[in-house]
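> Any chance you can model this:
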Amino acid sequence: MARGALRRVAVLGAIALATALGARESQAQNAAIAIVTNSRTTANDLSFLELRKIFLGEKQFWDDNSRIILLVRAPVARERDVVLTKIYRMGEAEFQQYWIAKVFRAEVSSKPKIVYSSDMTSELVTVLPGAIGFLPVDEVGPGMKVLRINGKLPGETGYPLQ
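As a prediction, this is how the structure comes out:
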């Protein structure tokens with residue numbers, strides 16, 4: 001094969017790879033965010049208002065009186081941005097100040113547990129009774145329960161965390 005033809009094949013291969021990777025990244029960036037809990041948690045469906053109260057630390061116990069353990073991704077995760085925007089309705093600085101004030105006023109015993117990866121969220125949700133966190137829907141694994149929000153699962157029309 002001539003050099004020019006090899007170069008064209010290499011360029012076309014690189015374009016195809018970049019297109020495939022770009023499509024995968026675009027899908028991940030558009031993936032719905034699943035609210036996940038430990039499989040033993042009694043909740044199956046929350047209203048968006050109930051979800052917001054949990055994430056704001058206003059509701060700290062499940063209906064069976066077990067403590068809610070709130071897991072929140074570290075800054076720069078796309079799913080954290082979605083949760084801050086849609087559930088908290090706050091920016092990063094407001095979120096940090098909100099939790100500092102809640103702890104200072106002794107309204108909660110501690111801030112949410114910060115997790116640094118989806119794998120860490122998955123692991124903690126599966127082993128900690130009462131844990132609740134969030135993941136891109138395509139990263140939900142075995143041993144965790146995906147909660148319905150307003151009766152909708154991720155990907156269904158009307159699901160609030162798209």
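
> pull the CA atoms of stretch 90-97 into CSV?
Only the C-alpha atoms of stretch 90-97 are listed here, as CSV (Å, rounded to 0.1, in the frame of the first residue of the first chain):
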residue,chain,number,x,y,z
MET,A,90,-27.3,26.1,44.6
GLY,A,91,-23.8,26.7,43.2
GLU,A,92,-20.7,25.1,44.8
ALA,A,93,-20.0,28.0,47.2
GLU,A,94,-23.6,28.1,48.4
PHE,A,95,-23.6,24.3,48.9
GLN,A,96,-20.5,24.5,51.0
GLN,A,97,-21.8,27.4,53.1
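
> which residues sit against that stretch?
The contact list for stretch 90-97 (Cβ atoms under 8 Å, 6 or more residues apart in numbering) reads 75, 84, 88, 98. In short, each C-beta sits where N, CA and C put it, glycine included.

> again, but for stretch 55-65
With contact meaning Cβ under 8 Å, 6+ apart, stretch 55-65 is reached by 41-43, 50, 53, 67-68, 70, 83, 87-88, 98-99, 102, 107-108, 112, 130.

> Can I get that stretch in PDB? Just the C-alpha atoms.
Output of stretch 55-65 as PDB, limited to C-alpha atoms (Å, rounded to 0.1, in the frame of the first residue of the first chain):
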ATOM      1  CA  PHE A  55     -30.400  16.000  50.400                       C
ATOM      2  CA  LEU A  56     -30.900  19.200  52.400                       C
ATOM      3  CA  GLY A  57     -30.600  17.300  55.700                       C
ATOM      4  CA  GLU A  58     -34.100  18.200  56.700                       C
ATOM      5  CA  LYS A  59     -35.100  14.500  56.700                       C
ATOM      6  CA  GLN A  60     -32.400  12.500  58.400                       C
ATOM      7  CA  PHE A  61     -34.200   9.200  59.000                       C
ATOM      8  CA  TRP A  62     -36.000   6.700  56.800                       C
ATOM      9  CA  ASP A  63     -39.600   5.800  57.600                       C
ATOM     10  CA  ASP A  64     -38.300   2.700  59.500                       C
ATOM     11  CA  ASN A  65     -36.200   5.100  61.800                       C
END
